[in-house]
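[1] Predicted model and sequence below, questions to follow.
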Amino acid sequence: MIQIWNQRDVKPTDYAIVQEHQLLDGKFKLKIVSYKIAGIKEYGALLIPKTDNPIPVRMFLGGFGLGITTNSVSLTLDNTFSTSPFILAIPAFRGQSLEITLNGTRYSSPLSEGLQCDAFDGATDDAIAFLNLIQQTENKADVNRTSMRGGSRGGTVALLAGIRDKRIKKVVGIVSPTNFVKLTALNENDPTYRCQFLSILKSNPSFLVQTRTKLIASSPVYFAQHLPATQLHMGLNDKNVPIDQGYELEQKINQLGMSSNFQLFTYDKTHTDIATNNSEMTNRIEQFLSQL
């Protein structure tokens, strides 16, 4: 699989700035950009602080909801963002648009082309292509100090991108699947899993090998030896992504002798409320990412 990934075309083309806004009296710039990856037109947002020095990149990766095609992000921007500056990058994965609210003002992008349900292996191509674009177009971006963070689907993509791209030094996954071979076997009648993995197989059983390959390519546990420094945050009461998904990755990391590079934190939370009133998780993530 690593060899197949290395042969993927993730070189962005047709770059254009769709919107550009100065914020906080010019202390920050918001850019919504478009580009193509393998002929698919996609969009992303960059929040760039004014700086004279190279700064790290933090990429925030959105989750997945069947039929929910907008990745919504809300931020309060103030001068504290300048104390440890970084470029915040938010991609709109294939089949998805962005809606970013900054200090009460909403900014949005058109819908990216491509299939929304190509939500893991394909979305990882999107994340890496967006990082390639940042390297090409933002001269203050130190892409060798990149971190990726996401919840649910976004966290799995963060792990997969960290496995594939050595520029990514830290990844954070929150309530994120790590083994889709197991999860899909438990949820084969679920519409989301059918859309993401099983639709072709249901109509044509001869695609069994291709389906299994896609499941494995979407499962970080099978490539754990390639992970960078990683934090995984899981809910003990999560019915969507059972805690066993976190324990399995932790066990694999320990077997590989990589435990110093991996942290698993668990909370008495569900899939949807893990970030609610959870300053402990917020502080752990910020401390982890600020070390870049």
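    Cool, the structure landed.
[2] can you give me the helices for the stretch 51-200 of the chain?
    Using DSSP state H, counting those that start in this stretch, the helices of the stretch 51-200 of the chain run over 121-137, 153-164, 180-186, 191-193, 199-203.
[3] Packed most tightly, which of those would that be?
    Stretch with highest mean neighbour count among those: helix 153-164 (a mean of 28; mean count of other CB atoms under 10 Å). (Each C-beta comes from the backbone N, C-alpha and C, glycine too.)
[4] Run through the neighbouring helices and strands of that one.
    strand 55-61, helix 121-137, strand 141-151, strand 168-174, strand 229-235 (3 or more CB pairs under 8 Å, 6 or more residues apart in numbering; DSSP states H and E).
[5] Let me have these in CSV, extended by distance to residue 8 and mean pLDDT.
    Formatted as CSV, the helices and strands packed on helix 153-164 follow (distance: least, CB to CB, whole Å; pLDDT from 0 to 100):
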stretch, distance to residue 8, mean pLDDT
strand 55-61, 18, 98
helix 121-137, 6, 98
strand 141-151, 17, 98
strand 168-174, 16, 98
strand 229-235, 22, 98
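[6] possible to save those as CSV with distance to residue 112?
    Shown next, in CSV, are the helices and strands packed on helix 153-164 (distance: least, CB to CB, whole Å):
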stretch, distance to residue 112
strand 55-61, 14
helix 121-137, 8
strand 141-151, 16
strand 168-174, 21
strand 229-235, 27
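[7] What segments of this structure are strands?
    Per DSSP state E, the chain carries strands over the ranges 13-23, 28-37, 40-49, 55-61, 70-75, 87-92, 97-102, 105-108, 141-151, 168-174, 229-235, 262-267.
[8] In JSON lines: the ones you listed, plus distance to residue 248.
    As requested, these are arranged in JSON lines below (distance: least, CB to CB, whole Å):
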{"stretch": "strand 13-23", "distance to residue 248": "38"}
{"stretch": "strand 28-37", "distance to residue 248": "31"}
{"stretch": "strand 40-49", "distance to residue 248": "32"}
{"stretch": "strand 55-61", "distance to residue 248": "21"}
{"stretch": "strand 70-75", "distance to residue 248": "28"}
{"stretch": "strand 87-92", "distance to residue 248": "28"}
{"stretch": "strand 97-102", "distance to residue 248": "33"}
{"stretch": "strand 105-108", "distance to residue 248": "38"}
{"stretch": "strand 141-151", "distance to residue 248": "19"}
{"stretch": "strand 168-174", "distance to residue 248": "13"}
{"stretch": "strand 229-235", "distance to residue 248": "11"}
{"stretch": "strand 262-267", "distance to residue 248": "10"}
